[in-house]
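*Asks:* 3D model of this:
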Amino acid sequence: MNLAFIGTGRMGAAMVRNLVAAGHRVTAYNRTREKAEGLGAAVADSPAAACRGCDAAITMLPDDHATEEAVFGREGIGGAPHIACSTISTAMARRLAAQSADYLSAPVFGRPQAAEARQLLVVAAGRPELIRRFQPVFDAIGRQTFVAGAEPWQANAVKLCGNFMIASMLEAFGESYATLEKAGVAPHLFLEVMSALFGSPVYANYGRIIADRKFEPAGFALKLGLKDVRLTLETAAECLSPMPFASILRDRLMDAAAHGQGEKDWSSFALWGRP
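*Replies:* Below is the predicted model of the structure:
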């Protein structure tokens with residue numbers, strides 16, 4: 001396929017490399033042009049230029065504002081079929097779906113290392129024929145695709161609630177480590193037990209990051225985690241569904257951001273202000 005790719009940060013760059021490796025022709029755009037170079041893709045000077053003659057435009061951007069600019073701006077993607085892999089609000093997903101009949105939400109789960117290894121989980125939602133048409137795109141960037149429904153915003157609801165689950169795990173690790181350190185038990189021993197108990201690479205990877213206190217460079221910045229939990233609460237409000245612990249997590253992340261941790265990995269909020 002002839003693809004436009006908008007947003008080549010750490011996640012986007014890895015996804016572009018995998019799309020090129022799978023044989024797709026990719027034209028990339030990033031506000032900082034240097035980040036779009038050296039990926040095996042052609043480089044465009046605007047989203048509009050990247051999308052000329054493309055079969056689909058893929059966006060991988062940090063938030064609603066950046067997505068709005070790339071799609072609706074003067075040099076936006078225009079009428080090209082659009083696949084949004086970003087973690088955006090359900091409200092923005094509905095706006096994008098209203099703008100284009102050929103729109104899919106396809107947010108992904110995984111850190112940059114998973115993107116590099118083509119191990120992302122893709123959650124897609126939209127018209128079934130569109131999902132079938134672009135399945136080769138999803139196969140090129142991830143190890144499994146889940147279909148959340150026929151309404152694109154449903155995939156974004158899955159992604160936001162999934163990130164809420166991860167944030168809840170980070171908080172649980174932080175509280176457990178704090179108690180175990182006072183009990184004289186090594187956090188890495190506890191991590192081994194929990195990894196054997198849950199058998200999850202997500203627990204193992206994040207548990208190790210917190211135990212090692214290795215929060216830089218950030219695989220996923222805390223300021224983005226704060227954004228995602230805020231969007232989760234907005235989605236819950238739309239659905240009249242109370243999520244009281246999500247409110248606690250938002251406040252914990254906001255406190256960490258206020259103490260200068262916004263650019264560190266979002267798992268750093270689990271330290272509860274400890275050095």
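
*Asks:* please count neighbours and contacts with C-alpha atoms only from this point.
*Replies:* Noted.

*Asks:* residue 13 sits in which helix or strand?
*Replies:* Under the assignment given by DSSP states H and E, the secondary-structure element containing residue 13 is helix 10-21.

*Asks:* okay, that helix in PDB with CA atoms only?
*Replies:* C-alpha atoms of helix 10-21 as PDB (Å, rounded to 0.1, in the frame of the first residue of the first chain):
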ATOM      1  CA  ARG A  10       9.800   6.900  19.200                       C
ATOM      2  CA  MET A  11       6.600   4.900  18.600                       C
ATOM      3  CA  GLY A  12       5.900   6.300  15.100                       C
ATOM      4  CA  ALA A  13       9.400   5.900  13.900                       C
ATOM      5  CA  ALA A  14       9.400   2.200  14.800                       C
ATOM      6  CA  MET A  15       6.000   1.700  13.200                       C
ATOM      7  CA  VAL A  16       7.300   3.300   9.900                       C
ATOM      8  CA  ARG A  17      10.300   1.100   9.800                       C
ATOM      9  CA  ASN A  18       8.100  -2.000  10.200                       C
ATOM     10  CA  LEU A  19       5.700  -0.800   7.500                       C
ATOM     11  CA  VAL A  20       8.600  -0.300   5.100                       C
ATOM     12  CA  ALA A  21      10.000  -3.700   6.000                       C
END
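
*Asks:* report the buried residues of that helix.
*Replies:* The neighbour-count criterion (16 or more other CA atoms under 10 Å) identifies 10, 11, 12, 13, 14, 15, 16, 17, 18, 19, 20 as the buried residues of helix 10-21.

*Asks:* among the residues you listed, which one sits closest to residue 128?
*Replies:* Looking at these and their distance to residue 128, the nearest is residue 19, at 21.8 Å (CA to CA).

*Asks:* what about the closest one, distance to residue 172?
*Replies:* Distance, residue 19 to residue 172, using CA to CA, to the nearest Å: 36 Å.

*Asks:* need the buried residues of helix 10-21 in JSON lines (columns: distance to residue 188).
*Replies:* Formatted as JSON lines, those follow (distance: CA to CA, whole Å):
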{"residue": "10", "distance to residue 188": "28"}
{"residue": "11", "distance to residue 188": "28"}
{"residue": "12", "distance to residue 188": "32"}
{"residue": "13", "distance to residue 188": "32"}
{"residue": "14", "distance to residue 188": "30"}
{"residue": "15", "distance to residue 188": "32"}
{"residue": "16", "distance to residue 188": "35"}
{"residue": "17", "distance to residue 188": "34"}
{"residue": "18", "distance to residue 188": "34"}
{"residue": "19", "distance to residue 188": "37"}
{"residue": "20", "distance to residue 188": "39"}
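
*Asks:* ok, back up a step: which strands or helices does the helix holding residue 13 pack on?
*Replies:* Using 3 or more CA pairs under 8 Å, 6 or more residues apart in numbering; DSSP states H and E, the elements in contact with helix 10-21 are strand 25-29, helix 112-116, helix 135-141.

*Asks:* go again using 6 Å as the cut-off
*Replies:* Contact partners of helix 10-21 among helices and strands, from 3 or more CA pairs under 6 Å, 6 or more residues apart in numbering; DSSP states H and E: helix 112-116, helix 135-141.

*Asks:* got the buried residues for the first one?
*Replies:* Meaning helix 112-116. Judged by neighbour count (16+ other CA under 10 Å), helix 112-116 contains these buried residues: 112, 114, 115, 116.

*Asks:* report pLDDT for the residue nearest to residue 89 when sequence neighbours are not counted.
*Replies:* Using CA to CA, 6 or more residues apart in numbering and skipping the chain neighbours, the partner closest in space to residue 89 is residue 231 (5.7 Å). In the prediction, the pLDDT value recorded for residue 231 is 98.

*Asks:* can you pull out the helices in the stretch 101-250 of the chain?
*Replies:* Assignment of helices within the stretch 101-250 of the chain using DSSP state H, counting those that start in this stretch yields the ranges 112-116, 128-133, 135-141, 153-182, 187-198, 201-212, 222-238, 244-256.

*Asks:* can I get the ones you listed in CSV including distance to residue 74?
*Replies:* What follows is these, written out as CSV (distance: least, CA to CA, whole Å):
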stretch, distance to residue 74
helix 112-116, 31
helix 128-133, 26
helix 135-141, 27
helix 153-182, 25
helix 187-198, 49
helix 201-212, 40
helix 222-238, 26
helix 244-256, 33
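
*Asks:* select, out of the ones you listed, the one closest to residue 63.
*Replies:* In terms of CA to CA, the element of the helices of the stretch 101-250 of the chain nearest to residue 63 is helix 222-238, at 8.0 Å.
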